[in-house]
Structures are given as structure tokens and as C-alpha cells.
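>>> Prediction below, plus the sequence it came from.
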Amino acid sequence: MNNAVYNFPVPENESVLGYLKGSSERIALEKELTRQESTEVEIPLIIGGKEVRTGNTGKITMPHNHSHVLATYHKAGEKEVKMAIEAALSASRAWANTPWTIRASILLKAAELISKKYRSLVNASTMLGQSKNIYQSEIDAVCETIDFLKYNVSYAGKIYQFQPKSSFNQLNRMEFRPLEGFVFAVSPFNFTSIATNLNSAPVMMGNTTVWKPATTSILSNYYLMKIFMEAGLPAGVINFIPGQGSLIGKEVLASPGMAGIHFTGSNATFNNLWSQVSHNLTSYRSYPRLIGETGGKDFIFAHPSADPTELAANAIRGAFEYQGQKCSAASRMYIPESLWDETTSKMVEMAEEITTGDVKNPENFMNAVIDKKAFDSITAYIEYAKESPDAEIIAGGTYDDAKGWFIRPTIIVTTDPHFKTMEEEIFGPVLTLFRYRDSELDNAIELCDTTSPYGLTGAVFSRDRVAAARICNKLRYAAGNFYINDKPTGAIVGLQPFGGSRGSGTNDKAGGEFNLIRWVSPRTIKETFIPATDYKYPYME
Ligand code: NAD
């Protein structure tokens, strides 16, 4: 047996390829997009390494062309959920006892497969299934996915190296046990990389998972599952069970072996899972670890010294890339009166220039929102603003669902800092602006801090560095990821570990060792070399 002490170095982040016209990556991707568009895939459940078909099926369509079916997927029923739990529990001991370097090598191989052999496959399925353009897909489905896999390996090595001090007559050791049971991984539709991390972080630390993917991202998620298997993941370590969230959740959360939830999604869903856990609390073998990254109402705060062009460009990228369907997307903005006219006119000009359409046309900065439910919910906010005397729409405000779920980038101006669209997460291409008097800067900072229940991301733009530091300090709890002179989106694994507090989640920082540490239950082992032979202490003489 190889007993060397391994150390996986901090990796380099995966390079974002350019996809310039005529480049080899562009040609390969276009070929794969055509192939996937002309194929209808059948997606089974994968439980204990075996494909399971239930016959209870649903369709996966393209958001930007909703009559085009990409796949038929099988839905898990109660029986299959129980099978998945059983498979995860049966695989757990062997996986926990697998040397961590072997677990690492499987994840690193998956990263390598995605980087080379399956780059186009993963990108095309994310682009078509989740309506992402080339760049948005490349930074998520390929680069961030690879970064999560590689960094998690390196973090695991760091955690395993931590050992307590030993003293005279004793040897102290720390054993990093995986949790006792299985982890319930519940992933959102908007990032293929998050689906990877929700499974691979606990798996790296020796846990097994039951994975409930979001229905609208099943296509890319299914390919990920197959890549993990090709990389050598043993049967039962990850069990892929698409289906209805409430049915799967109820069954999984009733299992005494449910040792942790690794969740990313909406605040409402996480609250629901947490309540169910509280309800079932006495039935679990251990207190489950509850790790959830949820919604946001992310802000850009402009100081009077900010540059209007920088503000406008970053607001447009931050609010409208991937149709605003990022938990970190800028959705409210505070602009001083002195910068108002120049900033807003630039923003309107940029927003009106944006084209929205098919993912295959690289000129489209924006594509479709994910499904009808999202389309209806986002457009209801736009209609609300149109009707309100406290708001005015200065860009966009129109939408069209004839072919795909398309919504124009929309900018609302409100005179009420507590207007509905300043407070609630919309999760779409809608940005609301509030104008403050330069003389009321502190009041505006206070409003920014206290307006929404979330605390995920936020940005300050200021050329006055001292003012930026003061605002950063005042908004200490308003965002778990805070940006100075940058948009509040685009966190990179290893560089900006991600997560927020307040209503935005448990802030366990995906893409950092803080997250991985939640997937172990350390055991401290003290060994005494020469044990006591008398119960009395010398001072008693
Ligand atoms: P969602 O809450 O609707 O769904 C998330 C997952 O939960 C899906 O797989 C869904 O099927 C499942 N689910 C729903 N009800 C369930 C139940 N009762 N039991 C078990 N599973 C259940 O979220 P979404 O629409 O997929 O994603 C958008 C949300 O995710 C937004 O609120 C966004 O801000 C948030 N998000 C947060 C982060 C972050 O890091 N903070 C990152 C991405 C997305």
C-alpha cells in the first residue's frame, strides 16, 4: 500500500476559450449543437450504477424554442427514491474506506474529461437545455465545473493535513470521518457547475449522495452523471433521481440515514426542507448538516465619485447576463442625482442595443428565460411596475412567448425605495433604479442595507477609495460577496468563495474549504502510552 502523504497543489483556474469564428472549439461546438438539436434523448434514473426506467415521463424542451423537444426523462416515484437511499447507504462504507487520493483521482479525471473529450457535449447541452449563450455556458458548465472539481481536491488535502498537537505520554490524532449516512444533493436549474459541486464536495470527503436535479437542467446534469461514471465513480456513490421535488424531498427527509442537505435554490424551497427536517428531527441518527445557498436581491451602489460609463456597463452585464437568472444578478441600484442623467442615458442606450434570441447566434447577448413559470412570474412584476404610479419603465418592458420565453432587458425607475421590485427577488432581466440626493448619501446606504431580506452579493462603484471603504464597512452584512468597482456577478472558484447570509443561505462558501469541512464529522483519537495505575493524584498526599 502506498503510504505517502499526498499534497494536491492549488490548481490553475480553467481557461475560458474564445470561440472565435473558425476556431477549432467553435467548429466542434457548432457540430455538437447540431447533433443534439436533431436527437431526442431518453434519460433514465441512475440508481446504484444502473439505469432505471419508470415509464412516468416528462419532456425537456428548449427555452428559446419551446416546441422543440430535446429529451424525455423518467421520473422517480416513492419506490425509486427508496432504492436510491438504499443504494447510497450500501455504497457509503466502501466509499468512505476508499483512500482519499483515489476519490481525488476520480474527480480529477472527470475534470479532465470535461476539459477535453466532453467540452462540447457539456456546453451544447447547457446552451440548448438551459438557454445559455456560448460565453455563459463556457464559464459555467465547463470552467466553473472543472474548477470546483480540482479545487475541492486541493482543499480536501489541506483539511486532512490538520492535526492536533501531541504532548508527553500521548498521541493525538484527528480522523476526518464522512457523515454517517448519505447526503441529499438538491440542485437548481441555473448553473451546471453548482449541480457538480453539490455532489462532488460531499463525495470528495467520502460521502455518498442522492441527487435531485432541477427538472429544467436535466439534460446537462444527466451528461455530468455519465461523465462521473466514466471517470470511475463506483456504483451508488451518486444516485441520480429526477422527478417531482416535493415527492422526492418528503421521502428522502424521512430517512433516518439522511445526514446532510447540500442545497442551492430558492429561499422558499430551502425553508421548506429545513421545516421538514425540524419535523423529523428525532428520527435522524445524527443532526443533519443543512447547507443551503438561496436567493438574492443584489445591489449596485454608486458613490457620487463613480464613473458613469463604468457604472452603466457593469450594471448591464450584472443585471442582464443569462437573463438575470443568477442568484448574484444586480437587481436594484442606487444612483446619486449628480450622476443620474449620464448613467441612465448610457444604460438605456446599452439595454436597447441588446438582442435577444437563439443561443446559436453569438450576437445575442441574451436568450430565453427558463420556462413558462419563470416567464409568467417575471412579466407579472413588469406589469405591476407599468400599473404603478411609483414606477416608470425606461427600457424594455416588453416580452414575447410565441416561440421561446423571451423578455427584453427591463429597467424600472422608482421613487419608492421600498417598491416591490426593490425588495423581492425576481430572478429575471429586471433592474430597478432609485435616485438619491448626493447630500443624503448615508441615508441611501442605510436604505440599501435594510431594504431586502437577502444578503448575497453587492457592489460599490467609487473613484474615492476612502469612500468605498466606508461604504464597504457600512454594508458589512448586506452581502457575503462584496465587490468594489466590479459587477456583483461572476465569482470564480478559489478566487471569490461564494455565499451570503441573512435570507441568502447558510454562507458555507461554495468553492472554498469552509464548504468541504461541513461534509466531515471529525473524530479525535487520544492514545496514552503509559496509563495511570493509581486513582489518587499526588497533591492528595
Ligand atoms: P428552486 O428552489 O425552485 O429549486 C431548486 C431545487 O429544489 C430543484 O431541484 C427543485 O426541483 C427542488 N425542489 C423544489 N421543491 C422541493 C421539495 N419540496 N423537496 C425537495 N426538492 C425540492 O430554485 P430554482 O428555480 O431551480 O433556482 C433558482 C433559485 O436558486 C433562485 O432563488 C436563486 O437565487 C437561487 N440560487 C442561489 C445560488 C446561491 O449560490 N446562493 C446559486 C444559484 C441559484
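Yes, it's here.

>>> Secondary structure class of Arg493, three-state.
Heads up, residue 493 is Val, not Arg. Using DSSP: H, G, I helix; E, B strand; the rest coil, the secondary structure recorded for Val493 is coil.

>>> Would you confirm that it contacts Leu149?
No - look at Val493 against Leu149 with C-beta atoms under 8 Å: they stay out of range, at 9.3 Å. No exception for glycine: its C-beta is placed from N, CA and C like everyone else's.

>>> Of the two, which one has the most company?
Comparing Val493 with Leu149 by neighbour count (other C-beta atoms under 10 Å), the higher total belongs to Leu149, at 30 against 25.

>>> what helix or strand does the more buried one sit in?
Per DSSP states H and E: Leu149 is located in helix 145-161.

>>> Now do the following helix or strand past that helix: which elements does it pack against?
Next in sequence after helix 145-161, counting helices and strands by DSSP H and E, comes strand 170-178. Contacts of strand 170-178 with other secondary structure elements, assessed using 3 or more C-beta pairs under 8 Å, 6 or more residues apart in numbering; DSSP states H and E, are made with helix 78-96, strand 520-528.

>>> tell me the pLDDT at the closest residue in space to Gly18 that isn't next to it in sequence?
Setting aside the residues directly before and after it, Gly18 is nearest to Glu25 in space (C-beta to C-beta, 6 or more residues apart in numbering), at 7.6 Å. For Glu25, the model assigns a pLDDT of 98.

>>> name the helices or strands packed onto the strand or helix carrying Glu25?
Taking DSSP H and E as the definition, Glu25 sits inside helix 24-37. Here helix 24-37 is seen to pack against strand 65-74, helix 119-130 when contacts are counted using 3+ C-beta pairs under 8 Å, 6+ apart.

>>> about what we covered before: show me the contacts for the residue nearest to Gly18.
For Glu25, the contact set (C-beta atoms under 8 Å, 6 or more residues apart in numbering) comprises Leu17, Gly18, Tyr19, Arg119, Ser120.

>>> Can you tell me which of the residues you listed are classed as buried?
For these, burial is judged from neighbour counts taken by 16 or more other C-beta atoms under 10 Å, and it is met by Leu17, Tyr19, Arg119, Ser120.

>>> element containing the closest residue to Pro213 other than its chain neighbours, please.
Across the structure, with C-beta to C-beta, 6+ apart as the measure, the residue nearest Pro213 apart from its sequence neighbours is Asn221 (4.1 Å). Element membership for Asn221, per DSSP H and E: helix 218-230.

>>> how about the CA coordinates for that helix, as PDB?
The C-alpha trace of helix 218-230 is given here as PDB (Å, rounded to 0.1, in the frame of the first residue of the first chain):
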ATOM      1  CA  ILE A 218     -31.800  17.500 -16.500                       C
ATOM      2  CA  LEU A 219     -30.100  17.200 -19.900                       C
ATOM      3  CA  SER A 220     -26.700  18.700 -18.900                       C
ATOM      4  CA  ASN A 221     -27.000  17.100 -15.500                       C
ATOM      5  CA  TYR A 222     -27.500  13.600 -17.000                       C
ATOM      6  CA  TYR A 223     -24.400  14.000 -19.100                       C
ATOM      7  CA  LEU A 224     -22.500  15.100 -15.900                       C
ATOM      8  CA  MET A 225     -23.700  11.900 -14.200                       C
ATOM      9  CA  LYS A 226     -22.400   9.800 -17.100                       C
ATOM     10  CA  ILE A 227     -19.100  11.600 -17.100                       C
ATOM     11  CA  PHE A 228     -18.700  10.800 -13.300                       C
ATOM     12  CA  MET A 229     -19.300   7.200 -14.100                       C
ATOM     13  CA  GLU A 230     -16.800   7.100 -17.000                       C
END
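
>>> helices or strands next to that helix in the packing?
Using 3+ C-beta pairs under 8 Å, 6+ apart as the contact criterion, the neighbours of helix 218-230 among helices and strands are strand 41-43, strand 65-74, helix 100-115, helix 119-130, helix 192-204, strand 238-240.

>>> Quick check: buried residues in the longest one?
Just to be clear, that refers to helix 100-115. Going through helix 100-115 with 16+ other C-beta under 10 Å, the ones that come out buried are 100-101, 103-104, 106-111, 113-115.

>>> Can you give me the domain assignment for the chain?
The record's domain parsing of the chain by automatic domain parsing lists 24-294+505-524, 298-484.

>>> what would those look like in TSV with distance to Asp534?
Converted to TSV, these look like this (distance: least, C-beta to C-beta, whole Å):
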stretch	distance to Asp534
domain 24-294+505-524	15
domain 298-484	54
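
>>> and stretch 42-59, how far apart are its ends?
Using C-alpha to C-alpha, to the nearest Å, the gap from the first to the last residue of stretch 42-59 comes to 9 Å.

>>> I'd like the mean pLDDT over it, please.
98.

>>> same thing with stretch 454-465?
The average pLDDT for stretch 454-465 rounds to 98.

>>> excluding its backbone neighbours, what's nearest Leu431?
Ala319 (4.0 Å).

>>> Test my guess that the one you found contacts Thr432.
No - shown here, Ala319 and Thr432 do not form a contact pair, counting by C-beta under 8 Å, at 9.6 Å.

>>> Look at the two and report which has more neighbours.
When neighbours are counted by other C-beta under 10 Å, Ala319 comes out ahead of the other of Ala319 and Thr432, with 30 against 27.

>>> Around the residue in the stretch 51-200 of the chain that the ligand sits nearest to, how many other residues sit close by?
In the stretch 51-200 of the chain, the residue found nearest to the ligand is Pro188; the distance is 3.3 Å by C-beta to the nearest ligand atom. The burial count assigned to Pro188 is 22, neighbours taken as other C-beta under 10 Å.

>>> can you offset everything so residue one is 24?
Sure, I'll start numbering at 24, so the last one becomes Pro211.

>>> Report the secondary structure element holding it.
Element membership for Pro211 (DSSP H and E) is empty, with no helix or strand holding it.

>>> give the contact list for it.
Contacts of Pro211 by C-beta under 8 Å, 6+ apart are Ile217, Ala218, Ala237, Ser240, Thr287, Gly288, Ser289.
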